[in-house]
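Visitor: Got a predicted model here, sequence first, then my questions.
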Amino acid sequence: MKYPNFKDLILFENDDYVVVNKPPFIASLDERTANAEVNILRLAKQYSEDAQVCHRLDKETSGAIVIAKNPEAYRSLSMQFERRKVNKTYHAVVDGQYQFDNLFVDLPILNDGNKNVTIDRQEGKRAETYFTSIKNYK
């Protein structure tokens with residue numbers, strides 16, 4: 001697999017943060033496997049020695065990911081994510097014709113250990129999601 005040049009991924013940068021467009025199939029952090037491949041954190045540390053990934057995206061998911069360039073910036077933004085002060089927006093291409101207009105779903109979800117997420121009303125973590133159809137293709 002050919003890995004991207006970190007500078008080519010940059011969407012925004014200031015003194016404290018760099019936001020990159022994470023490609024699909026590249027992990028955000030080190031994976032727990034013996035043959036761990038390159039990941040966004042490793043690429044970021046080559047760019048900025050103190051780099052820390054402030055949040056994760058699943059390996060298969062592409063999108064904007066924020067990297068702190070210093071410990072203070074990392075603590076600040078990580079706490080905002082932990083306290084749910086950050087709103088996240090995901091766009092997905094799905095099969096079928098759907099017309100959702102701000103459909104609200106409030107169901108607890110749980111990772112089943114096999115990279116699958118399921119609804120689990122006893123053990124799940126609270127998750128609030130709004131669905132809105134942006135465009136339909138035929």
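Guide: Right, received. Where do you want to start?
Visitor: and the chain, what are its domains?
Guide: Residue ranges for the structural domains of the chain, counted by automatic domain parsing, are given in the record as 6-82, 91-138.
Visitor: per-stretch mean pLDDT over those, give me the minimum one.
Guide: For the domains of the chain, mean pLDDT drops lowest on domain 91-138, to a mean of 88.
Visitor: could the domains of the chain be laid out in TSV, adding mean neighbour count?
Guide: For the C-beta atoms, the positions are set from N, CA and C on the backbone; glycine is no exception. Conversion of the domains of the chain to TSV gives the following (neighbours: other Cβ atoms under 10 Å):
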stretch	mean neighbour count
domain 6-82	15
domain 91-138	10
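Visitor: thinking in terms of the whole chain, how far from its middle is the lengthiest helix in the chain?
Guide: Counting residues, the longest helix found in the chain (DSSP state H) is helix 71-82. Chain-centre distance of helix 71-82: 15 Å, with Cα atoms, centre = their mean, to the nearest Å.
Visitor: Can I get it as CSV, trimmed to CA atoms?
Guide: Only the C-alpha atoms of helix 71-82 are listed here, as CSV (Å, rounded to 0.1, in the frame of the first residue of the first chain):
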residue,chain,number,x,y,z
PRO,A,71,0.4,18.9,25.1
GLU,A,72,-1.7,21.9,26.2
ALA,A,73,-3.7,22.0,22.9
TYR,A,74,-4.1,18.2,23.1
ARG,A,75,-5.5,18.3,26.7
SER,A,76,-7.9,21.2,25.8
LEU,A,77,-9.5,19.6,22.7
SER,A,78,-9.4,16.0,24.1
MET,A,79,-11.4,17.2,27.1
GLN,A,80,-13.9,18.9,24.8
PHE,A,81,-14.4,15.6,23.0
GLU,A,82,-14.7,13.7,26.3
